[in-house]
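Asker: just need the structure, nothing else, for what follows:
(one chain, ligands or ions: 1)
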Amino acid sequence: MTMPQFAFFKGQIVPYSEAKVGVLTHTLNYGTGAFGGIRGYWNSEAEELYVFRIRDHYRRFLDSARLLCMELPYSIEDLSHTTIELLRTERHRTDCYVRPLAYFSDETIGVRLHGLHPEVSIVSFPFGSYVTNEEDLHAAVSSWTRVDDNVIPARGKIVGSYINSALAKTDAQRGGYDEAIVLNHNGHISEGSAENFFMIRNGVAVTSRITDNILEGITRRTMMMLLREELDVPVEERAIDRSEVYLAEEAFFCGTGVQMAAITSVDRRPIGTGKIGPVTAKLRRLYFDVVRGKVQKYRSWCTPVYQSGAVAATA
Ligand SMILES: Cc1ncc(COP(=O)(O)O)c(C=O)c1O
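Answerer: Numbering: from 1, shown residues only. Next up, the predicted model:
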């Protein structure tokens with residue numbers, strides 16, 4: 001991984017080496033933080049870096065912080081503009097990743113969310129694929145259960161809850177799989193360790209409901225729209241049984257990090273033909289054109305970094 005050169009830290013852009021916290025920092029000890037993951041895509045023909053759905057990412061970032069009772073002195077616009085400024089300072093001419101973090105900077109002992117001081121840091125760095133085999137992923141149903149809304153709200157991107165994801169991911173990989181599919185307390189499919197889940201069954205794209213303890217994914221919403229509007233594939237949000245997945249024609253994960261990855265087997269059972277399916281393949285191609293700003297209809301989702309202009313307002 002290429003390290004960032006700069007960071008937005010304590011209200012200003014500083015060299016990355018100066019963005020440091022003490023070991024007693026509250027969030028470092030108790031996981032009391034919220035974060036985001038945003039991608040910038042380099043379009044070589046346009047010589048432009050496009051940030052995908054930046055406002056939607058910062059809306060969820062602020063919502064996640066609110067779940068932790070953090071009162072941040074920044075709006076969606078502030079955070080979006082700061083991010084563009086940071087990316088310009090980094091001068092990326094390649095695909096990159098942006099990591100905002102809201103954390104309690106207090107160096108103190110005591111588990112709580114109140115009476116603490118939140119801070120925001122943002123860094124960015126060049127970033128390619130998160131998984132190597134995006135067209136042929138082997139997944140396993142995890143023996144870990146997804147965090148429940150009454151345990152740690154899964155809809156927010158909350159630092160501490162990623163222990164749940166890490167447990168599932170490590171066990172899947174140590175067991176010889178690429179990724180985990182995590183069930184919720186009711187035994188229904190929730191999502192992957194860091195990505196939302198879709199299957200194609202009887203020609204319908206099915207994804208878990210937002211009340212099934214999933215992160216409210218922005219890529220998931222993007223895929224739902226592209227499936228309906230561009231591929232003419234109906235989409236259902238509903239509870240999904242484990243055994244339905246075994247019988248699905250196709251399945252895939254999606255998320256900012258993983259982008260879109262075809263799941264070709266689950267628990268060593270082939271999904272459909274055991275190869276990437278036609279809907280998944282078509283959607284993948286379309287998704288990469290959309291995020292690189294090549295599809296005019298969805299250009300409002302892509303904020304140009306180098307061209308001056310307002311931060312794209314997206315639905
Ligand atoms: C647990 C989890 N689910 C789903 C996603 C996908 O969300 P998004 O598409 O907003 O990146 C992520 C990625 O950030 C995640 O960490």
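Asker: just the strands in the stretch 51-200 of the chain please.
Answerer: 96-104, 118-126, 137-145, 179-183, 189-192, 196-201 (DSSP state E, counting those that start in this stretch).
Asker: which residue packs closest to the residue of the stretch 1-150 of the chain found nearest the ligand, ignoring adjacent ones?
Answerer: For the stretch 1-150 of the chain and the ligand, the shortest gap (CB to the nearest ligand atom) falls at residue 37, measuring 4.6 Å. Heads up, the C-betas are built off the backbone N, CA and C, glycines and all. Distances taken as CB to CB, 6 or more residues apart in numbering put residue 256 closest to residue 37, at 4.7 Å, once the chain neighbours are dropped.
Asker: burial count for the one you found?
Answerer: Using other CB atoms under 10 Å, residue 256 has 22 other residues around it.
Asker: now do residue 201
Answerer: Neighbours of residue 201 using other CB under 10 Å come to 16.
Asker: residues of the stretch 151-300 of the chain that sit close to the ligand?
Answerer: 165, 191, 194-196, 215, 217-220, 255-257 (CB under 6 Å from any ligand atom).
Asker: those in helices, which ones?
Answerer: If you go by DSSP state H, these have 165, 218-220 in helices.
Asker: returning to what we had before: phi, psi for the residue nearest to residue 37 please.
Answerer: Backbone geometry at residue 256, expressed as degrees, to the nearest 10, gives phi -60, psi -50.
Asker: so which helix or strand takes in residue 265?
Answerer: strand 259-266 (DSSP states H and E).
Asker: low pLDDT regions in this protein?
Answerer: 308-315 (pLDDT under 70).
Asker: let's see 50
Answerer: 313-315 (pLDDT under 50).
Asker: around the ligand, pick out the residues from the stretch 1-150 of the chain.
Answerer: Residues of the stretch 1-150 of the chain lying near the ligand (CB under 6 Å from any ligand atom): residue 37.
Asker: tell me, how many residues neighbour the residue lying closest to residue 148 once chain neighbours are set aside?
Answerer: The shortest distance from residue 148 to any non-neighbouring residue, by CB to CB, 6+ apart, is to residue 185 (5.3 Å). By other CB under 10 Å, 15 other residues sit near residue 185.
Asker: same check on residue 33?
Answerer: Using other CB under 10 Å, residue 33 is surrounded by 24 other residues.
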